[in-house]
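Student: structure, please.
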Amino acid sequence: MQVNLAALTKIHTRLHRSPVGNVFYQNSVPDLLALDWANPETRPYIEEYPIRSQTVSESYHSRKWTHEIDAELQAPMWAAHHSQKHYFLGEMAGLSDGRRVVPLAWFRYCSHGEVYGEGYELSYETTVRTHSAHSTSNRIEFQTTSLEFNHFDLVDDGERPAYNVYHGPNPLRDIAKGRRMYTSFIKPWGDDVSGNRSKQYNAHTNIYFSHANLPHDKQSQEYFVRFCSTSPNTTAGEQFDVLIKETTGPNTWHTAYDCHAQDEILFRVIPLNFPADNPQQSESCSHVGLHGNFWCRRCKLGGTERDRETDDLYHQHFSGGPPRTATETVTEVTRQIETAALGVAKSVASLQTLSGVKDKLAEHWIQELISRAREMQRVRITSVETRDPRLKALKNEAREQTHPSLISSVLICVVKGGDIHADSPVEILHTILLGLIKYVWFHTNSPWKDKQCETFAVRLQSSSIDGLSIPPLRASYMLQYRNNLIGKHFKAIQQLAIFHLDDGICPRLVRDLWKANGELGALLWYHEIEDMDTYLADLDILIGNVLDIWSLIDPRKIFVKPKLHILPHILQDIPRHGPPILYATEIFECYNAVFRMCSVLSNHQAPSRDIAWTFADLERFKHEVSGGWWRGQDDQFVRAGPRVREYFSNLQVQRRLGYIMYRLTNLDPGTVHMRKKGRVSVVWSSLQLHTSPMCPSIPDLSEWYQCEYIVSQAHDRCKLKSWVFVRHATRVGRIHTILSPVGGTDRNDIQPCVIIEPFDLTNSRHPHFGMPELINAAAPRVAHLVILATDILFIVNVQHNCIDGRCSASGRRMRKQERLETEISQPFIEHTNDTHYVLNTHALHNAALIRKTLPRHLTEPHHYL
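Tutor: Numbers count the residues shown, from 1 in each chain. So this is what the prediction gives:
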């Protein structure tokens, strides 16, 4: 049965030979994408059309998808649900009000909302009985629900368009043959990974991808990451080369079953961008790398070290030079091949040095060509016995023998609707966390003595991580191995370091650098951007501040750390591709653990094939148990029975497959969570609260259950002592108690409520932290706020103001090991008051909501210089 299912659920694993002769196996990308269209767990989330939204939070909101890619590549046609009447771009169509239009683009304004068309309105010319476009009119928008007649309806009725994009119907109709046509965009990722679980490095180069038509909260789950290929011998460029060939040219259109329309469709595959770390992106861009004279893959900045020290070139490090383009890169690689035909390696090396272009695949043929040209020169020129008088033909003959291999090697540079240089966006994990934050962390802790390390560790351990969405801190570990930290450690330090640095730890200029990095990081981890112009202006200031402070600390730093120069290019990436988290690579790095589990099952005689087969089997299993459809033996589409599909409803199975079901019932805003056992009811009067006069009146004898947490409007789990923004005059407060009435929420007279300890938000920033202060001036007699559970807006991270409170490590407590208290004591920070706190605006979680809620002057960035 398993063999039959594998044959029916087709995921082809094919043997490929790279342009340089290496062999590897690759799972078919179209086959894997077809599973998404046929899977009820995935299909409802696929966006078939670009979304023109003022708020940018997904890839299908980005400028590239909505405006820069040709409209026919975005979405070539539209059809109503379960309708066989199809409307293609470039064809005359009739609206229900009698107007005639030629659609030139399809789009939406909101996710899975109504589809709109954009095109030219036609006017009827009675003299020639044809329709022509208004010559002076701009494009109009119309609702697709108002479309009544397609091209064939109008032609059958005797109407002839004088204006039409095509001579007759859209040529895609001949390919479609009555089927709907869509575009699936993908984000291919490639990098070198160890195939071993042990410390011994076993190099493999892997290619994964995600389906960009899915929302980001799906793409950030391992369940939706697709394995494409791996090889211990083949580079990422060679594997990308095969991936592109499989999805372009005669292989453009692929069939799939659309479980939503319950019909067969056609789709094509287009890479949207290529997320990766900086070395891999340089390789994909046919770039020399970060150690060359022209070491930027995005622009032509560079030169000798002496040239870069001039005022003009030094200034370009902070903004960027002339941009690179894929067309220029192809031309330069071609020039290098032609030069190699002369047999002089130094000339080719000189071209690579002066341009910064070095294609890894073409380099194989360049070296072979140089050797062949030298041999031909020896035979035809140097040797008296064999030299040939036809000397002029030497160069052309050698070029013709090697030029075809060049085209395939740089094919990735000219993918439809894109440019590889602009489509290798700045990646925040490797550029920010493992770049900027790592640099400033090393610069800060390098001069520390043991006492300073201990002091910072104690302070860092005292930080509140509630509202940060990070794992528990291990400050002692982080300081013990301070030069071997990974991304999660730098993400925590970025958000918390500024609260624990003073003159005894580091100079003021370094603290200013931490503040600049913290403010920058909060903006870069935005999950949505409502005002792109303001966001980019703020980001430009913050990037400038980071680079300016580094130039004051060490003017040569930007020479030796290319990531500092690469950072400003993110200002071009965000409008083109959306918020940086959309092309972050954490999920692909996490998926390496799945790859290693598959790798250890291979005997490594044919690792590329064995691992590809294992992943293909895994994809089949996921598809079958989650209710996916496939073509059966009788040519009808079928799926597994209810007992098999029931297996996927097990949350433990979903977790093991990397699937997370968001927006569960217990995460609805306003939901409270009570203890399952040992519930104790309290009477309202026994709480002895001093409430504000503005609070609702609650009967003194009413009974309540105390709850563990409440779900905010932003779907945060807010526990006791959590700091939250509340709807009541947009106040900030600390949760004192969460209550649910005895008898449940079915009672209409009393609803779950939250008791808040309110704090006053100051109208200025603290001079040390650069953040708003929270002060409880009414302590110790606090007027609590009683609010409805639905009035909790979102959680925030708040830190105690230990600088002004002069808090010190004066406390002693027993260290815990194995969940038991030992007799070993350790210091901890004792806070001198409970009234002065600081709102952490370096926090990544809810950073956009914080800045949207606070007055602009409390978060607006200012130039450092």
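
Student: burial count for residue 753?
Tutor: When neighbours are counted by other C-beta atoms under 10 Å, residue 753 registers 25. No exception for glycine: its C-beta is placed from N, CA and C like everyone else's.

Student: ugh, wrong one, residue 313
Tutor: Burial measure for residue 313: 16 neighbouring residues, criterion other C-beta under 10 Å.

Student: what sits up against the strand or helix carrying it?
Tutor: Assigning secondary structure by DSSP states H and E places residue 313 in helix 311-316. Residues lying outside helix 311-316 but in contact with it, judged by C-beta atoms under 8 Å, 6 or more residues apart in numbering, are 301, 303, 307-308.

Student: which one of these is nearest to residue 434?
Tutor: Checking the contacts of helix 311-316 against residue 434 by C-beta to C-beta gives residue 301 as the nearest, at 21.8 Å.

Student: the closest one belongs to a helix?
Tutor: No - assigned with DSSP: H, G, I helix; E, B strand; the rest coil, residue 301 falls outside any helix and is coil.

Student: now do it against residue 524, distance only.
Tutor: As judged by C-beta to C-beta, to the nearest Å, residue 301 and residue 524 stand 22 Å apart.

Student: what's the answer for residue 42, then?
Tutor: Computed as C-beta to C-beta, the residue 42 to residue 524 distance reads 29 Å.

Student: SS state for residue 196?
Tutor: coil.

Student: neighbours of it, how many?
Tutor: Number of residues near residue 196 (other C-beta under 10 Å) recorded here: 14.

Student: ok, it touching residue 602?
Tutor: No - between residue 196 and residue 602 there is no contact, the gap being 11.4 Å when judged by C-beta atoms under 8 Å.

Student: can you show me the strands along the stretch 251-400 of the chain?
Tutor: 253-258, 263-271 (DSSP state E, counting those that start in this stretch).

Student: only C-alpha atoms, please: export the first one in PDB.
Tutor: Taking C-alpha atoms only, strand 253-258 is exported to PDB below (Å, rounded to 0.1, in the frame of the first residue of the first chain):
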ATOM      1  CA  TRP A 253       3.300  25.700 -16.100                       C
ATOM      2  CA  HIS A 254       2.500  22.800 -13.800                       C
ATOM      3  CA  THR A 255      -0.800  21.100 -12.800                       C
ATOM      4  CA  ALA A 256      -2.300  20.800  -9.300                       C
ATOM      5  CA  TYR A 257      -5.600  20.100  -7.700                       C
ATOM      6  CA  ASP A 258      -7.200  23.100  -6.100                       C
END
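
Student: in its sheet, which strands sit next to that strand, and in what direction?
Tutor: Applying DSSP bridges to the sheet, strand 253-258 is found paired with strand 263-271 (antiparallel).

Student: chain center to the partner strand: distance?
Tutor: Taking C-alpha atoms, centre = their mean, to the nearest Å, one finds the center of strand 263-271 at 23 Å from the center of the full chain.

Student: what does it contact?
Tutor: Looking at what lies outside strand 263-271 - C-beta under 8 Å, 6+ apart - the contacts are 29-30, 33-34, 37, 69, 73, 175-176, 179-188, 244, 247, 252-258, 415-418, 423.

Student: among the residues you listed, which are located in strands?
Tutor: 180-188, 253-258 (DSSP state E).

Student: just the buried ones from those residues, in PyMOL syntax?
Tutor: Buried residues among the ones in strands among the contacts of strand 263-271 (16 or more other C-beta atoms under 10 Å), as a PyMOL selection:
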select buried, resi 180+181+182+183+184+185+186+187+188+253+254+256+257+258
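
Student: helix or strand with the lowest mean pLDDT in this structure?
Tutor: Taking mean pLDDT, DSSP states H and E as the measure, the helices and strands of the chain show their lowest mean at helix 393-409, namely a mean of 49.

Student: which element is encountered next along the chain beyond that helix?
Tutor: helix 428.

Student: now do that next one, average pLDDT.
Tutor: Summarised as a single mean, pLDDT over helix 428 is 95.

Student: check stretch 642-659 too.
Tutor: The predicted confidence, averaged over stretch 642-659, sits at 90.

Student: for it, which outside residues touch it?
Tutor: Residues outside stretch 642-659 that contact it (C-beta under 8 Å, 6+ apart) are 41, 221-223, 225, 594, 622, 624-627, 639, 660-661.

Student: how far out from the middle of the chain is it?
Tutor: For stretch 642-659, the separation from the chain centroid amounts to 26 Å (computed by C-alpha atoms, centre = their mean).

Student: quick one, which of the contacts of stretch 642-659 are buried?
Tutor: Applying the neighbour count, that is 16+ other C-beta under 10 Å, the buried entries in the contacts of stretch 642-659 are 41, 221-223, 225, 594, 622, 624-627, 639.

Student: with pLDDT added, can I get these in TSV?
Tutor: As requested, these are arranged in TSV below (pLDDT from 0 to 100):
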residue	pLDDT
41	92
221	94
222	94
223	95
225	96
594	94
622	94
624	92
625	93
626	93
627	93
639	92
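
Student: now, those that are in strands?
Tutor: With strands defined by DSSP E, the entries of those inside them are 225, 639.

Student: what residues are up against residue 864?
Tutor: Shown here is residue 864, whose contacts under the criterion C-beta under 8 Å, 6+ apart are 512, 516, 544-545, 548-549.

Student: next, give me the two most distant ones among those residues.
Tutor: Every pair in the contacts of residue 864 was compared (C-beta to C-beta); the two farthest apart turn out to be 512 and 544, at 13.3 Å.

Student: show me the shaky parts of the stretch 651-800 of the chain.
Tutor: Of all residues in the stretch 651-800 of the chain, those with pLDDT under 70 make up the ranges 662-666, 690-696, 729-730, 744-749, 777-782.

Student: what segments of it are strands?
Tutor: When secondary structure is read from DSSP E, counting those that start in this stretch, the stretch 651-800 of the chain shows strands at 672-674, 681-683, 703-711, 717-719, 723-726, 731-741, 753-765, 772-775, 785-788, 792-796, 798-800.

Student: CSV for these, including distance to residue 280?
Tutor: Conversion of these to CSV gives the following (distance: least, C-beta to C-beta, whole Å):
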stretch, distance to residue 280
strand 672-674, 43
strand 681-683, 59
strand 703-711, 40
strand 717-719, 37
strand 723-726, 40
strand 731-741, 43
strand 753-765, 40
strand 772-775, 40
strand 785-788, 50
strand 792-796, 36
strand 798-800, 37
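
Student: spatially central residue in this structure, please.
Tutor: residue 582 (2.1 Å; C-alpha atoms, centre = their mean).

Student: give the phi and psi angles for it, as a check.
Tutor: Torsion angles at residue 582 (phi, psi; degrees, to the nearest 10) stand at phi -70, psi -20.

Student: please tell me how far it sits from residue 541.
Tutor: Note on residue 582: its distance to residue 541, by C-beta to C-beta, is 23 Å.

Student: kindly report the same for residue 465.
Tutor: 28 Å.

Student: in the chain, where is pLDDT below threshold?
Tutor: Looking at the chain by pLDDT under 70, you get 1-2, 5, 124-137, 161-164, 380-417, 662-666, 690-696, 729-730, 744-749, 777-782.
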